[in-house]
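Asks: Quick one, what's the 3D model for this:
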Amino acid sequence: MAHQENNSAKMLLFQDGLESNEKLIINLFEVITGMIFHHNISLFLLTGEGMLLSRYSSEGDSFRGDNLKSILEDYKDSCDVRVKLFDDNDFYSYELLALSSNTDLEMLHEITEKVKHSISDLFKNHTDLRSKYTYLLDCLDSVDEGISACDENGYLTYINKSACNMLDLEKEDFLNQDLKTFIPNSILVKSVKSKKAVLDVEYLIEIPEHSVNLMNSAYPVFKDHSLIGAIDIYRKKTRSLKVASDLMGHYASYDFNDFIGNSKKLKDTIDIAKRFSRSDKNVLIIGGSGTGKELMAQAIHNHSSRKDGPFVAINCASYPRDLFESELFGYDEGAFTGAKKGGKIGKFELADGGTIFLDEIGELHMHLQAKLLRIIETKSLSRIGSNKKVDIDVRIITATNRNLEEMIHKESFREDLYYRLKVLFLPLPPLKDRGNDVLLLCTYFIHKFSNDTLKGVNGLDEEATNLVLAYDWPGNIRELENIISLSLFYCDGEYVTKENLLRAGLMTDDSSLDYTNQNKNLSAITTELIFNTLKENDGNKKKTAEQLGISRNTVYRKLKSMDE
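Replies: Next up, the predicted model:
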């Protein structure tokens, strides 16, 4: 404020002797200078032809009253004096009006008021624009993606906070740097040179003293058809892979609470699996087809510290050998005939930071077993057609229904890989060993599929219940689900019957006898008969079951009822 008062005093010293209209003009400029003192504004006096006469700025550089007096005297009969205002960054300019020293008094009063309003509007617009500009910068700083921009010469003009965090540098380290030398492989420079967008590029950005793996896209910026620079948007590769994995369905949706059953075997298995989930070691799950190996793998993932990372599942038996290697490990552009432009990321890279589940691991070819072993040992891989090493952080869960130890003896599975995968070992109980869990699963599937058939089925009748309990369920839960689903279409009553189950494809040892009236049915097979037949067979339960035309589960259940 002291600076403002001093300048005003100097101007007043030269007001005497001027004509009244000239005094008003000087007073008008006093008003202008007083208003712009509170802003970073510059004022210029120019002739009608655009020649600079004098300038004023709040930083101390100002025109003086004597200078103004001589200006008015020299130009009062020849031309007008124009007034222009600029902010400190030439962000906004405004030509107020034209003045001359011989303007009549009434006109000068009107001009004075007009100038006051014009300057007020200028400051208001200037403040509003500054506010919007600041708000935009705050918004850009709040997003997770890195954003930076350069001018047409490749000099960095902007970078947001997220980008600085990713690259582990301060804004001051980046701004005004020549990207051609600071980051030689920057796709911003490529976009400027080509004047085209560069989309979804994976590259290692090398900064002095460290490097960062990014997924990036850059876009040229034009103004009036002229290139003025480029902008890029990027994120760390791990996050991009997580997004890609989610879009491709690579996530785990099941938890331990999704298991249905109260049997001790199931509860013990889940308890062990929960303990395994707290570790980051590899897990081998053993179980028959349909026992829920992938569901268990997903539950382990969702109970682990990797739950926010991707869960990538792949069946080793579902790919031809030639395609499976590229599916697992990815490939670079031009790696082989038909290779996708830009290459392809493999399943292991997609699982980075999370879990990969390799089902039917016993079907993996020996050549790929060697590569998998190498990945486990080095925690890195090379895509097909590339010598570049890609570091990965992946937990491996495998599953099989085959006897891997027997395969090792036949030299169809690597022993060293077997022990790398079987750090933690989890066998899943078959459905036939889970007792009444099968009835709970029947109830679940009946309710699940009832809406499909639009029937109000409430459960199984007595015969169907006995049949379900007696059956071995070689296909386990998957077979049970399919049988229940189909049987509901045949069911015409409130309860699913034995006939509905048989028609749905349940193959039992005594099913043919139900239709030919031969042999015994379940109700005719007494505990005493089972006991006597077992005695004749020297306790061989399998032979007893085959002789009586029933399942081994029925033999166990009848013997258990004897003990009770």
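
Asks: okay, CA-based contacts and neighbour counts for the rest of this
Replies: Fine.

Asks: Same question for the lengthiest strand in the chain: list its buried residues.
Replies: Across the chain, the strand with the greatest residue count (assigned by DSSP state E) is strand 210-223. Neighbour counts over strand 210-223 (16 or more other CA atoms under 10 Å) mark 213-221 as buried.

Asks: Kindly indicate which of the residues you listed lies nearest Ser318.
Replies: Of all the buried residues of strand 210-223, Met215 has the smallest distance to Ser318: 30.2 Å, by CA to CA.

Asks: What about the closest residue to that closest one other than its chain neighbours, how many residues nearby?
Replies: What sits nearest to Met215 in space, not counting adjacent residues and going by CA to CA, 6 or more residues apart in numbering, is Glu202, at 4.5 Å. When neighbours are counted by other CA atoms under 10 Å, Glu202 registers 16.

Asks: re the thing from before, pull the most distant pair out of the buried residues of strand 210-223.
Replies: That would be Asn213 and Val221, which, of those, are the farthest apart (CA to CA) at 25.0 Å.

Asks: before we move on, the earlier item: quick check: mean pLDDT across the longest strand of the chain?
Replies: In this model, strand 210-223 carries a mean pLDDT of 84.

Asks: Please name the bridge partners of Ser211.
Replies: Counting by DSSP bridges, Ser211 is bridged to Glu206.

Asks: I figured it was touching Tyr203, is that so?
Replies: No. Using CA atoms under 8 Å, Ser211 is not in contact with Tyr203; the gap is 10.1 Å.

Asks: give me the low-pLDDT residue ranges for the stretch 351-500 of the chain?
Replies: Residue ranges of the stretch 351-500 of the chain with pLDDT under 70: 453-454.

Asks: where exactly do the strands run in it?
Replies: 355-359, 380-382, 389-391, 395-400, 424-427, 459-460, 495-496 (DSSP state E, counting those that start in this stretch).

Asks: can you put these in TSV and add distance to Ser305 and mean neighbour count?
Replies: Listed next are the strands of the stretch 351-500 of the chain as TSV, based on distance: least, CA to CA, whole Å; neighbours: other CA atoms under 10 Å:
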stretch	distance to Ser305	mean neighbour count
strand 355-359	10	26
strand 380-382	21	19
strand 389-391	19	12
strand 395-400	11	24
strand 424-427	17	18
strand 459-460	40	22
strand 495-496	44	22
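
Asks: Make CSV out of those strands and add distance to Ser318.
Replies: Listed next are these as CSV, based on distance: least, CA to CA, whole Å:
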stretch, distance to Ser318
strand 355-359, 10
strand 380-382, 22
strand 389-391, 26
strand 395-400, 14
strand 424-427, 23
strand 459-460, 36
strand 495-496, 35
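
Asks: Contacts for the longest strand of the chain, please.
Replies: Strand 210-223 is contacted by residues 166-167, 187-188, 191-192, 195-206, 227-237, 240 when judged by CA atoms under 8 Å, 6 or more residues apart in numbering.

Asks: Can you flag the buried ones in these?
Replies: Buried residues within the contacts of strand 210-223, defined by neighbour count using 16+ other CA under 10 Å: 166-167, 187-188, 191-192, 195, 197-198, 202, 205-206, 227-237, 240.

Asks: Tyr490: what's its closest spatial neighbour, skipping adjacent residues?
Replies: Nearest non-adjacent residue to Tyr490, counting by CA to CA, 6+ apart: Asn500, 5.8 Å away.

Asks: ah, wrong one, I meant Gly385
Replies: Take Gly385 and drop its neighbours on the chain: the residue closest to it by CA to CA, 6+ apart is Ala335, 4.5 Å away.

Asks: Let me know the closest of the buried residues of strand 210-223 to Ser450.
Replies: Met215 (46.9 Å).

Asks: what's the spacing between the closest one and Tyr234?
Replies: Look at Met215 and Tyr234: by CA to CA, to the nearest Å, they are 6 Å apart.

Asks: repeat for Pro310
Replies: Taking CA to CA as the measure, Pro310 falls 20 Å from Tyr234.

Asks: hang on, the earlier thing: can you show me the CA trace of the longest strand of the chain as CSV?
Replies: Extracted in CSV, the C-alpha atoms of strand 210-223 (Å, rounded to 0.1, in the frame of the first residue of the first chain):
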residue,chain,number,x,y,z
HIS,A,210,16.0,-45.7,-11.5
SER,A,211,13.4,-47.1,-13.9
VAL,A,212,9.6,-47.6,-13.9
ASN,A,213,7.5,-50.0,-15.9
LEU,A,214,4.5,-48.1,-17.4
MET,A,215,1.5,-48.5,-19.6
ASN,A,216,1.1,-45.2,-21.5
SER,A,217,-0.9,-43.4,-24.2
ALA,A,218,0.1,-40.0,-25.7
TYR,A,219,-1.9,-37.6,-27.8
PRO,A,220,-0.8,-34.6,-29.9
VAL,A,221,-2.4,-31.2,-29.1
PHE,A,222,-3.3,-28.8,-31.8
LYS,A,223,-4.5,-25.2,-31.8
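
Asks: what element comes up after it heading to the C-terminus?
Replies: Heading C-terminal from strand 210-223, the first helix or strand you meet, by DSSP states H and E, is strand 226-236.

Asks: Now tell me what touches that following strand from outside.
Replies: When contacts are defined by CA under 8 Å, 6+ apart, strand 226-236 is touched by residues 144-154, 163, 166, 187-189, 191-192, 195, 212-222.

Asks: what's the angle from it to strand 210-223?
Replies: When axes from the mean of the first three to the mean of the last three CA atoms, to 10 degrees is applied, the directions of strand 226-236 and strand 210-223 differ by 150 degrees.

Asks: Lovely, talk soon.
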